[in-house]
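In: Make a model of this:
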Amino acid sequence: MLAAIEMDWPFLARTAGELLTGVPLTLQLTGIALCAGFILAASVAALAHNRLAPLRWLARLYVGLFQGTPLLVQIFIIYYGFGQIEYLRSSFLWPFLAQAYWCAILALSLNTSAYGAEIIRGAVAAVPRNEIEAAQAMGMSGFLLRRRIIWPQALRYGLANYGNEAILLLKATSLASVITLMDVTGIAYRLVSKTYRSEEIFTIAGMIYLSLTFVIVGCVHMLERWLLPRNRV
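Out: Sure, this is the predicted structure:
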């Protein structure tokens with residue numbers, strides 16, 4: 001059986017080299033969307049904890065909208081749908097929305113922020129109430145309470161989950177290829193259309209994504225050891 005399997009090593013090497021040229025774009029999409037998404041997620045999580053009910057409902061609506069619809073549909077709406085709105089075509093936003101790159105980042109950022117908001121909200125809610133009450137009894141309130149008690153504890157509870165979200169975001173960037181971006185998946189599709197050797201090409205692409213996933217996992221573990229002294233060996 002093994003003798004029947006012939007590996008075309010020169011082809012595999014060329015394919016790997018071409019696919020690796022898409023890694024910088026994949027990392028750009030992941031990094032920018034992760035940072036922008038975190039800012040949005042923190043804002044939405046703050047609304048979810050607001051005392052005003054309409055703001056809490058707005059946060060729930062935002063999360064439900066982006067969690068309840070497929071990312072691919074969101075990408076299509078932003079890339080194709082926004083172009084049908086005359087106001088947007090004549091606004092200062094159009095130079096950005098006319099480019100597939102920024103449309104992909106916008107869609108990825110909005111999508112990941114909905115999941116990130118739930119992670120942050122859950123992490124904040126997991127902070128023991130008695131610790132907050134003890135800090136308040138000592139006169140600690142406002143920003144100091146958040147900085148000394150809530151945020152450090154929430155970081156401990158939410159970091160691993162946010163690392164998982166970063167991995168999901170990395171894999172979600174492959175959908176950017178449907179709007180002509182030449183990331184790892186986009187280049188893989190182009191090579192398949194030329195060579196019709198989909199099995200080898202997508203196997204190598206999968207190995208690249210797997211390698212990037214291990215990098216993210218390693219970075220999260222480093223952050224945990226740096227930010228959370230209890231995890232240091």
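In: contacting residues for the residue nearest the centre of the chain?
Out: Ranked by distance to the mean C-alpha position of the chain (Cα atoms, centre = their mean), the top residue is Leu169 at 3.3 Å. Residues in contact with Leu169, defined by Cβ atoms under 8 Å, 6 or more residues apart in numbering, are Thr30, Ala33, Leu34, Gly37, Leu108, Thr112. Using the backbone N, CA and C atoms, a C-beta is placed for each residue, glycine as well.
In: What does the pLDDT read for it?
Out: Here, the pLDDT recorded for Leu169 equals 98.
In: now the residue nearest to it when sequence neighbours are not counted: how far from Glu118?
Out: Once flanking residues are discounted, Leu169 sits nearest to Thr112: 5.0 Å by Cβ to Cβ, 6 or more residues apart in numbering. Computed as Cβ to Cβ, to the nearest Å, the Thr112 to Glu118 distance reads 11 Å.
In: Now the strand or helix carrying Leu210: average pLDDT?
Out: Assigned by DSSP states H and E, Leu210 falls within helix 198-227. Here helix 198-227 scores 94 as its mean pLDDT.
In: Which of the residues in it are classified as buried?
Out: If you call a residue buried by 16 or more other Cβ atoms under 10 Å, then helix 198-227 has these buried ones: Glu200, Ile201, Phe202, Ile204, Ala205, Ile208, Tyr209, Leu212, Ile216, Val220, Leu223, Glu224.
In: re the thing from before, who has more neighbours, Thr112 and Glu118?
Out: Remark: of Thr112 and Glu118, Thr112 carries more neighbours, 26 against 19, as counted by other Cβ atoms under 10 Å.
In: Just list what the helix or strand where the more buried one lies packs against, helices and strands only.
Out: Using DSSP H and E, Thr112 sits within helix 100-125. Here helix 100-125 is seen to pack against helix 23-48, helix 53-68, helix 71-76, helix 94-97, helix 151-172 when contacts are counted using 3 or more Cβ pairs under 8 Å, 6 or more residues apart in numbering; DSSP states H and E.
In: Using CSV, write out every CA atom in the shortest one.
Out: Once side chains and other backbone atoms are set aside, the C-alpha atoms of helix 94-97 remain, and they are given as CSV (Å, rounded to 0.1, in the frame of the first residue of the first chain):
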residue,chain,number,x,y,z
TRP,A,94,-16.4,54.6,0.7
PRO,A,95,-12.6,54.5,0.0
PHE,A,96,-12.4,51.9,2.7
LEU,A,97,-15.6,50.0,2.0
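In: so how far is that helix off the chain centroid?
Out: Averaged C-alpha coordinates place helix 94-97 at 22 Å from its chain's average position (Cα atoms, centre = their mean, to the nearest Å).
In: I'd like to check what contacts that helix. Which residues are they?
Out: Residues contacting helix 94-97 (Cβ under 8 Å, 6+ apart): Ile78, Phe82, Gly83, Leu88, Trp102, Cys103, Leu106.
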